[in-house]
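Return atomic coordinates for the entry below.
(4 chains)
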Protein chains: 2
Amino acid sequence: MSQSWTARPIERVPIRSQVRRRLLEGMLRGDPAPGSSINESGLSVLLGVSRTPLREALLNLVGEGFLSATPGKGFYVLPLSTKEVEDLYPIIAALEVLALHASPSPTSAQLKRLAEINAELESVRDDWEAALRQDELWHQTLLSGANNRRLLETIRTLKYHAQRYESAYMRHSGRIIRSVEQHRAILRALRDGDREGAARLLEANWKISQDFLLPWLREEEARKEPPSRKAMKYERSDEG
Amino acid sequence: MSQSWTARPIERVPIRSQVRRRLLEGMLRGDPAPGSSINESGLSVLLGVSRTPLREALLNLVGEGFLSATPGKGFYVLPLSTKEVEDLYPIIAALEVLALHASPSPTSAQLKRLAEINAELESVRDDWEAALRQDELWHQTLLSGANNRRLLETIRTLKYHAQRYESAYMRHSGRIIRSVEQHRAILRALRDGDREGAARLLEANWKISQDFLLPWLREEEARKEPPSRKAMKYERSDEG
DNA sequence: TATGTGTATATTGTATACAGATTCCTAGCA
DNA sequence: TGCTAGGAATCTGTATACAATATACACATA
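Residues are numbered from 1 along each chain as shown, chains lettered A, B, ... in the order given. Modelled structure (predicted):
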């Protein structure tokens, strides 16, 4: 009894969780494309699971705002919209600022680690997925000291939404959003002990990303509207 | 054709949504008590529905952080904890401040409405459920101009969690948390055009509620710990 | 008495079945 | 040609079935 190798229980991951992850990863790459609807039976055979855990995963994603469901018609991927970016980014900015204020002053080791991550981000050439990952890692490292689980969790979820937009932007425009300079400025402020300044720079960082996305999105929306083909409208979902 | 009464489609509410609402309302009153586990079959016959939509509702509530699920063992209501209050309230405060800043200056009609709601809140005697509702209505009215759907939605969800604590506090201590004076101060600031001051007062409002809850919760936790009966531990859930 | 083992029961996680809506397609007609 | 009616096929929402796992309890053993 009590051998060391039995100490850790074996990990069990419900199918619904695995499916959820797969779907989310896909959507971040635009795979079930924004606006497209989802066929449960088809998807379930594709994934090799029954409709039950698949539906559980889909409903979970509805709850997080990636999908929507209209009664009787099923699930569809929420379309991208300028309005959502305008709504979303200020929330993320505010919460990251809150998290930064809730963190202890970073140690020099942490600052070094942040600089390293930023250097790697700078060295990324064309691989925008890697860039996204690295940027996310930087922010997560910056705020990891916050000791507010719910806050970090909320931020993480909201940033998945942001990723949906940023990856779409990079994929379609071919451009990469790199915040290397802004990260450096934030680090400088932190090194000088200027937390308030760092917070404002962090806020600005999100504002700048927004300024990349919005013009592009407006252009995209303009490109699709004029043809004036019966634009499919998405009605309100349930969950009263 | 096109009579006025046919204009609006009849509303269809999936069972999962109705169940979800019932469960949530119950939990806010402490009915499935914090910490207690849930028997799916039993509950499903109680509600007169099958396990499928019930599970969908339960999983939804897991996603929102009211329940948790451990693989193979099922669902349980998350216990109340001081840590959650310490995590939660600053987030709500920050987001309400953000929403206030995102709102246009309130018209005098709105200010009047807010004063009315506050007066009704003041007149409430013992009915703490009514007090909670009225307080919630006041905040919602204050921020209703924000034009940021996701922000308002996020706030609403987080406040359900706060309600779980506040209703428990009122039920157990018999005391009622009334923020009438604080609301008045906020209104004064708004009437004077002092948005920044109003924001700080709003932030303070949440801080004060926290200061009611935390001592009580610590006391409750202290009352339960010392007996040192094998405290049931809750393990991490899934959703990787 | 305390501790471990085997078996019965209960409960969860997933799969399948079924009824009711919705969508799609075609034929008929203006 | 364009539009409408209607019925087949598809799909969703919910119920039920089934297998795997967990819990409870009696019994054996030290």
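
show me the contacts for A:Pro90.
Counting by Cβ atoms under 8 Å, 6 or more residues apart in numbering or on different chains, A:Pro90 makes contact with A:206, B:98, B:102, B:148, B:151. All C-beta atoms are positioned from the backbone trio N, CA, C, and that covers glycine.

Residues of chain A that sit close to DNA strand C?
Those residues of chain A that sit near DNA strand C, judged by Cβ under 7 Å from any atom of the strand, are A:1, A:14-16, A:49-53, A:56, A:72-73.

One more pass at 10 Å, please.
Counting by Cβ under 10 Å from any atom of the strand, chain A comes close to DNA strand C at A:1, A:12-19, A:37, A:40-41, A:44-45, A:47-57, A:70-74, A:232.

Buried ones among these?
If you count burial by 16 or more other Cβ atoms under 10 Å in any protein chain shown, the buried members of those come out as A:14-19, A:44, A:47, A:49, A:53-57.

can you list those in TSV and add pLDDT and distance to chain B?
Formatted as TSV, these follow (pLDDT from 0 to 100; distance: Cβ to the nearest Cβ, whole Å):
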residue	pLDDT	distance to chain B
A:Pro14	96	6
A:Ile15	96	10
A:Arg16	97	8
A:Ser17	97	5
A:Gln18	97	8
A:Val19	97	11
A:Ser44	96	15
A:Leu47	96	16
A:Val49	96	15
A:Pro53	96	10
A:Leu54	97	12
A:Arg55	97	7
A:Glu56	97	6
A:Ala57	97	9
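
For DNA strand D, state which of these is nearest.
DNA strand D lies nearest to A:Arg55 out of those, by Cβ to the nearest atom of the strand, at 6.1 Å.

A:Ile38 is in contact with that closest one, correct?
No. Taking contacts as Cβ atoms under 8 Å, A:Arg55 lies outside contact range of A:Ile38: 10.3 Å.

list the contacts for the residue nearest to the spatial centre of chain A?
Nearest to the geometric centre of chain A sits A:Tyr160, at 1.6 Å (Cα atoms, centre = their mean). By Cβ under 8 Å, 6+ apart, the contact set of A:Tyr160 is A:24, A:28, A:64, A:66.

average model confidence for stretch A:214-223?
For stretch A:214-223, mean pLDDT is 93.

Does at least one residue of it sit close to chain B?
No. Counting by Cβ under 8 Å from any Cβ of the partner chain, chain B has no neighbours in stretch A:214-223; the shortest distance is 15.0 Å.

Buried residues of that stretch, list them for me.
By neighbour count on 16+ other Cβ under 10 Å, the buried set for stretch A:214-223 is A:216-217, A:220.

and chain A, which of its residues are near DNA strand D?
Close to DNA strand D, as judged by Cβ under 10 Å from any atom of the strand, chain A has residues A:9-10, A:12, A:37-44, A:50-52, A:54-56, A:58-59, A:69-76, A:237-238.

Next, A:Ala69: phi, psi?
phi -140, psi 130 (degrees, to the nearest 10).

is it in a bridge, and if so with what?
A:Phe75 (DSSP bridges).

Pretty sure it sits against A:Val62.
Yes. Using Cβ under 8 Å, A:Ala69 is in contact with A:Val62, at 5.4 Å.

in the helix or strand containing A:His161, what's buried?
Assigned by DSSP states H and E, A:His161 belongs to helix A:149-173. By 16+ other Cβ under 10 Å, the buried positions in helix A:149-173 come out as A:150-152, A:154-155, A:158-170.

as a whole number, average confidence for that helix?
If you average the pLDDT values across helix A:149-173, you get 97.

ok, then the element right after that helix?
helix A:180-191.

Report all helices and strands that that next one contacts.
Packing contacts for helix A:180-191, counted by 3 or more Cβ pairs under 8 Å, 6 or more residues apart in numbering or on different chains; DSSP states H and E, involve helix A:108-123, helix A:195-224.

ok, now which ones touch the residue of chain A found nearest DNA strand D?
Per Cβ to the nearest atom of the strand, A:Gly74 is where chain A lies closest to DNA strand D, at 3.1 Å. Counting by Cβ under 8 Å, 6+ apart, A:Gly74 touches A:37-40.

swap the cut-off to 7 Å and go again
A:37-38, A:40 (Cβ atoms under 7 Å, 6 or more residues apart in numbering or on different chains).

Likewise for A:Arg113?
Counted by Cβ under 7 Å, 6+ apart, A:Arg113 has contacts A:Thr141.

what secondary structure does A:Ser105 sit in?
The three-state label for A:Ser105, taken from DSSP: H, G, I helix; E, B strand; the rest coil, comes out as coil.

which bits of chain A sit near chain B?
A:12-14, A:17, A:21, A:56, A:59-60, A:63-64, A:71, A:87-88, A:90-91, A:94-95, A:98, A:148-151, A:154, A:238-240 (Cβ under 7 Å from any Cβ of the partner chain).

Just name the closest of the buried ones among the residues of chain A next to DNA strand C to A:Gln140, please.
A:Gln140 lies nearest to A:Ser17 out of these, by Cβ to Cβ, at 20.8 Å.

Where does the closest one fall, secondary structure wise?
Assigned by DSSP H and E, A:Ser17 belongs to helix A:15-28.

Could you name the helices and strands sitting against that helix?
If contacts are counted by 3 or more Cβ pairs under 7 Å, 6 or more residues apart in numbering or on different chains; DSSP states H and E, helix A:15-28 sits against helix A:51-63, helix A:149-173.

so what does the shortest one touch, helix or strand wise?
In other words, helix A:51-63. helix A:15-28, helix A:40-47, strand A:67-70, helix B:51-63.
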